[in-house]
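Visitor: one predicted model, sequence on top.
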Amino acid sequence: MQLEIRPDPTEVGRARRWARSRLAGLGIAADEPLAETLILLVSELVTNAVVHTGHAAVLRLSLPGTAAGTAGPTATAGPAGSTEPAGTAQAPTAPVAVTVRVEVADSSSRAPVPRCAGGDATGGRGLALVDCLADRWGWSPEGAGKSIWCELDRCSQPRQSAAMAYGGGLSAYEGLAFEAV
């Protein structure tokens with residue numbers, strides 16, 4: 001699945017809405033922590049592409065290892081029509097390991113470089129957030145430009161807070177609620 005992104009900052013909101021609807025189609029509920037984190041990662045990667053290149057980009061969302069990256073997660077609780085005697089307990093089914101990949105391709109061949117933003121800076125934290133929140137991330141050349149990607153595993157353990165990614169202790173945003181728009 002992919003979305004063409006125009007070089008306009010308003011495209012970031014459109015990319016978030018598009019990603020939210022695609023995640024729902026993959027069986028990932030909007031209130032799942034995975035979905036909330038993925039939407040933040042989409043926002044950061046698309047913002048970087050729009051702000052730093054000034055050219056169109058392509059947002060891709062996929063589940064690696066599935067046909068065309070479009071199949072949703074599947075799980076079965078047990079065999080249908082089981083002939084096990086009454087009262088026989090079945091082991092609980094393990095959570096389905098689903099990895100979701102977010103990728104943004106742009107026309108710049110410059111490698112992404114994480115910055116060390118000062119406390120008053122209004123930018124420069126995007127790749128630090130990606131590094132902190134994603135299970136894996138990286139980039140590779142693509143055509144005349146590059147593709148920056150990150151992956152999140154549905155069953156992974158929560159990672160350190162973003163405040164820790166900046167060497168801080170408690171988050172400056174602790175106790176505040178945010179709404180993804």
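Guide: Cool, got the structure.

Visitor: could you pull up the mean pLDDT of the helix or strand harbouring S140?
Guide: In the assignment (DSSP states H and E), S140 maps to strand 136-142. Taken as a whole, strand 136-142 has a mean pLDDT of 95.

Visitor: report the buried residues of the longest helix anywhere in the chain.
Guide: Counting by DSSP state H, the longest helix found in the chain is helix 33-53. Counting neighbours by 16 or more other C-beta atoms under 10 Å, one finds that the buried residues in helix 33-53 are 34-50, 53. C-beta: built from backbone N, CA, C; applies to glycine.

Visitor: what is the orientation angle of that helix with strand 136-142?
Guide: 40 degrees (axes from the mean of the first three to the mean of the last three C-alpha atoms, to 10 degrees).

Visitor: keeping just the C-alphas, turn helix 33-53 into PDB.
Guide: C-alpha atoms of helix 33-53 as PDB (Å, rounded to 0.1, in the frame of the first residue of the first chain):
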ATOM      1  CA  PRO A  33      -0.500   1.200  21.300                       C
ATOM      2  CA  LEU A  34       1.000  -0.200  18.100                       C
ATOM      3  CA  ALA A  35      -1.300   2.000  16.000                       C
ATOM      4  CA  GLU A  36      -0.600   5.100  18.000                       C
ATOM      5  CA  THR A  37       3.100   4.600  17.700                       C
ATOM      6  CA  LEU A  38       2.900   3.800  14.000                       C
ATOM      7  CA  ILE A  39       1.000   7.000  13.400                       C
ATOM      8  CA  LEU A  40       3.700   9.000  15.200                       C
ATOM      9  CA  LEU A  41       6.400   7.300  13.100                       C
ATOM     10  CA  VAL A  42       4.500   8.100   9.900                       C
ATOM     11  CA  SER A  43       4.200  11.700  11.000                       C
ATOM     12  CA  GLU A  44       7.900  12.000  11.700                       C
ATOM     13  CA  LEU A  45       9.100  10.300   8.500                       C
ATOM     14  CA  VAL A  46       6.700  12.200   6.300                       C
ATOM     15  CA  THR A  47       7.600  15.500   8.000                       C
ATOM     16  CA  ASN A  48      11.300  14.800   7.400                       C
ATOM     17  CA  ALA A  49      10.700  14.100   3.700                       C
ATOM     18  CA  VAL A  50       8.600  17.200   3.200                       C
ATOM     19  CA  VAL A  51      10.700  19.600   5.200                       C
ATOM     20  CA  HIS A  52      14.200  18.500   4.200                       C
ATOM     21  CA  THR A  53      13.700  17.700   0.500                       C
END
